[in-house]
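Chemist: make a model of this:
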Amino acid sequence: MFDFTYLIIIFGVLALSPLAITVAARTDKKTKRILRFSLLALLTIQIASGFFNWEGFLPGGRSGFALAAAYPGSLLGLFFVIPFVQASLLLLRKQWANVTIAVLNFVNTIVFFTGVISLEKIQAVEVFSYFSLSAIFALLIGNVVSLLLANRDKNLAQPS
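Modeler: Next up, the predicted model:
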């Protein structure tokens, strides 16, 4: 049986890319404020997903926070700490803070996938549920939003 998850992700990225470039070309204060609130909502989803079951679709599995506490070497704890740092940087409203937020979001992507892979391969813990998927999507969409927030090029959507 073929898993269509990756095709859905690719289609979503291809469909949203032109919209993202259009939004990135706008650097007015209202757009930046909307992007800040959007990123804050995505960070909240990442953190909130940690309270729910990450071990499969059956009830009774451990939450993301429980897995992070049980396996500190998996880096999942760091995955839940980085969004708090990003949220505090969002309050600064400085360009260097926006760039740092974007970098931290990509670092958090690597931390998340490293943590999940280490749990699955080394500890034989399956980390796959609706809540871990919501954390993944919030993280990946957050990558785009953080780059849009850090953008300062007003001519991004102009033809070359």
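
Chemist: tell me the centre residue of the chain?
Modeler: Centroid check for the chain by Cα atoms, centre = their mean gives L139 as the closest residue, at 1.0 Å.

Chemist: what's the neighbour count on I117?
Modeler: When neighbours are counted by other Cβ atoms under 10 Å, I117 registers 12. In this view, the C-beta of every residue, glycine as well, is placed from N, C-alpha and C.

Chemist: I'd like to know how far it sits from L89.
Modeler: I117 sits at a distance of 27 Å from L89 (criterion: Cβ to Cβ, to the nearest Å).

Chemist: cool, F106 as well?
Modeler: 14 Å.

Chemist: more crowded one of those two?
Modeler: Between F106 and L89, counted using other Cβ under 10 Å, the more crowded position is L89 (17 against 14).

Chemist: which secondary structure elements does the helix or strand where Q86 lies contact?
Modeler: In this assignment (DSSP states H and E), Q86 forms part of helix 76-90. With contacts defined as 3 or more Cβ pairs under 8 Å, 6 or more residues apart in numbering; DSSP states H and E, helix 76-90 has these neighbours: helix 29-49, helix 64-70, helix 95-121.

Chemist: angle of that helix against helix 95-121?
Modeler: 170 degrees (axes from the mean of the first three to the mean of the last three Cα atoms, to 10 degrees).
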